[in-house]
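Q: Build the 3D model from these lines:
(chains A and B)
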Amino acid sequence: MSNPEQAPTDGESIRASAAEWLIKRRDCETWNADDEAALNAWLDQSPAHSIAFWRLEDVWSKADRLSALRRPMRETPVARARSAMPRFLVAAALVAMVVAGAGTYAVIPHSQAYETPLGGREILTLRDGSQIELNTSTSLRISDRADRREIWLDRGEAYFDVRHDPRRPFVVIAGNHRVIDLGTKFVMRRDPERLEVAVVEGDVRLNRDGADQRGASAVLRAGEIATATASTLSVTTRSNAVLSEELGWRRGVLIFRHTTLAEAVAQFNRYNQHKLSIADAATARLRLGGTFPTANVEGFADAAKEILGLRVTRHEDETIISR
Amino acid sequence: MAGMFRGMADTPEIGLGRQHDGGAGIAVSDLKGWFLREVLPLEAALMQFLRRSGRSKSEIDDLCQDVYVRIFEAAQKQLPQPVRPFVFTVARNLLIDRIRKDQIVPIETVAELDMLDVAFEGPGPDRTVMAREELRRLQAALDLLPERCREAVVMRKVEGLSRREIAQRMGIAEFTVNAHLTHGVRALADMVYGDPAQLRRKT
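A: This next block holds a predicted model:
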């Protein structure tokens, strides 16, 4: 995965990155404040980045005028109205859209348990607009009451985007740990050995209930990642840009920026039973970018086929990519 | 004519990051408008100029980027006026730098560089014509995109479909739609700004 600290400087890489940023920002419904911050950080790195971005942004905006050529039959789709709306309305419209759209989104009416299968992902919206995004193999229970909001993270990983309300505390309980929202976006992953809490925005308080009176409490700030085991707690710090890139795969996607096929394939093989392999060194050196679901090996192979014009041969336990 | 700008491409490196927030310089937002309005329309001529150096496509792309960065840095202090000769002087000086670094200098390359001064005298872009031409050029560029890529761009830009709808219609994943759009915007920019010859060939 590309490291922002070692951003490539050749024209090709910069233009490729600029295009990825632009499409992600202008055409992806998932774009959020963290993405915006990461983009700004990238633009600030070098005038070459800004210029490459402006150049593409300009032509992409002008391409909107191509809609003058559209057939008059279709009704105006929701997505088109977006650019004219202020940001908060956009957010509201998006929420409305996703709620009305696929069954993967739901507004939570009351206490309930939720579970995602292997490779699954689901966004839950509480009545106050707070959102919980469940990653693969995750189960949690929600109690959305008038005086408090409690979530039990029993297994897996979830991203929390919380509407802070001091009168209705938002608490996530994971075993003997409690994470109390202090106005935040954060992600938690729980597996049998440990709990990880990464704060994207705002603060959270992490409390450990000590059965032996040895409870602990710490306030975590944006950019901090706490790793707690039964007996230890460590906190590390990441820059915002790095954190949000990392959160990409934490939420079930792999982010590639002008990455060699060899590296991308290696990443996929870390996460999946079904392995990918590349037939020859020249193919391995081809580069591609994009954001791909971690578990979608087949989809990635298809994308490589589509984007790079390669051949994909599927066998029972492995898929071979060749020219 | 070229002489009066010589050396301007060698503006000292300004650490970009925060420098331009410091008051004296020109705001990045103003620079952006200026750049899109004044510099970008020269890209076709600039690329033509750089191509005549006989360098590889990727080298030319890098050079074009370097020219833009130099112009950007100079413009932070003061907007160069007139723009066109300045752009070509920067390009010319960068080319000379490259040739020097190569060490082996084919004699005709240097001679040709002086002849390239002709490019400075070309007519500036006429904005009313440009605006009228833009849609036609975009349309022509669109027709030259690879088929699947064009399909995705048309659905997004002409029909205004969402990524999900495009994915469903094309029978591909949403991230593949992204890949098509990413490829599409780059190709459109290259064709609309950089390579009018390519457009003319087919239209």
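Q: In the chain, where is pLDDT below threshold?
A: Using chain A here. Per-residue confidence for chain A (pLDDT under 70) gives these ranges: A:1-9, A:66-111, A:118-120, A:210-216, A:240-252.
Q: The chain in question should be chain B.
A: Looking at chain B by pLDDT under 70, you get B:1-25, B:102-133, B:195-203.
Q: can you give me the helices for it?
A: B:16-19, B:28-34, B:43-51, B:57-77, B:83-102, B:107-115, B:127-144, B:147-153, B:163-170, B:174-189, B:196-202 (DSSP state H).
Q: any idea which of these is most buried?
A: helix B:174-189 (a mean of 25; mean count of other Cβ atoms under 10 Å in any protein chain shown). Every C-beta, even on glycine, is put in place using the N, C-alpha and C of the backbone.
Q: Domain ranges for chain B, per the record?
A: Domain ranges of chain B: B:3-121, B:127-202, per automatic domain parsing.
Q: closest one to A:N272 among the ones you listed?
A: Closest to A:N272 of these, according to Cβ to Cβ: domain B:127-202, at 15.5 Å.
Q: how about the domains of chain B in JSON lines, adding distance to A:S239?
A: Listed next are the domains of chain B as JSON lines, based on distance: least, Cβ to Cβ, whole Å:
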{"stretch": "domain B:3-121", "distance to A:S239": "15"}
{"stretch": "domain B:127-202", "distance to A:S239": "25"}
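Q: of these, which approaches A:W54 most closely?
A: domain B:3-121 (5.6 Å).
Q: if we look at the helix or strand where A:R189 lies, which residues are touching it?
A: Using DSSP states H and E, A:R189 falls within strand A:177-190. With Cβ atoms under 8 Å, 6 or more residues apart in numbering or on different chains as the test, strand A:177-190 has contacts from A:34, A:135, A:153-162, A:164, A:169-172, A:174-175, A:195-209, A:219-220, A:228, A:247, A:250-251.
Q: cool, stretch B:166-180 as well?
A: Contact with stretch B:166-180 is made by A:20, A:23-24, A:27-28, A:288-293, A:296, A:299, A:302-303, A:306-307, B:148-149, B:151-153, B:155-156, B:161, B:163-164, as judged by Cβ under 8 Å, 6+ apart.
Q: buried set for the strand holding A:R189?
A: By 16 or more other Cβ atoms under 10 Å in any protein chain shown, the buried positions in strand A:177-190 come out as A:177-182, A:184-190.
Q: Looking at the residues you listed, spot the one nearest chain B.
A: Closest approach between the buried residues of strand A:177-190 and chain B, by Cβ to the nearest Cβ: A:V187, at 20.8 Å.
Q: Just grab the bridge partners of the closest one for me.
A: Counting by DSSP bridges, A:V187 is bridged to A:Y159, A:A198.
Q: Spell out the secondary structure type for A:W31.
A: Here A:W31 is coil, with the state taken from DSSP: H, G, I helix; E, B strand; the rest coil.
Q: in which helix or strand would I find the closest residue in space to it that isn't next to it in sequence?
A: Once flanking residues are discounted, A:W31 sits nearest to A:R25: 5.4 Å by Cβ to Cβ, 6 or more residues apart in numbering or on different chains. Under the criterion of DSSP H and E, A:R25 resides in helix A:11-27.
Q: Follow the chain on from that helix and name the next helix or strand.
A: As assigned by DSSP H and E, the chain's next helix or strand after helix A:11-27 is helix A:33-45.
Q: I'd like to know which elements that next one is packed against.
A: helix A:11-27, helix A:47-62, strand A:194-208, helix A:240-250, helix B:16-19 (3 or more Cβ pairs under 8 Å, 6 or more residues apart in numbering or on different chains; DSSP states H and E).
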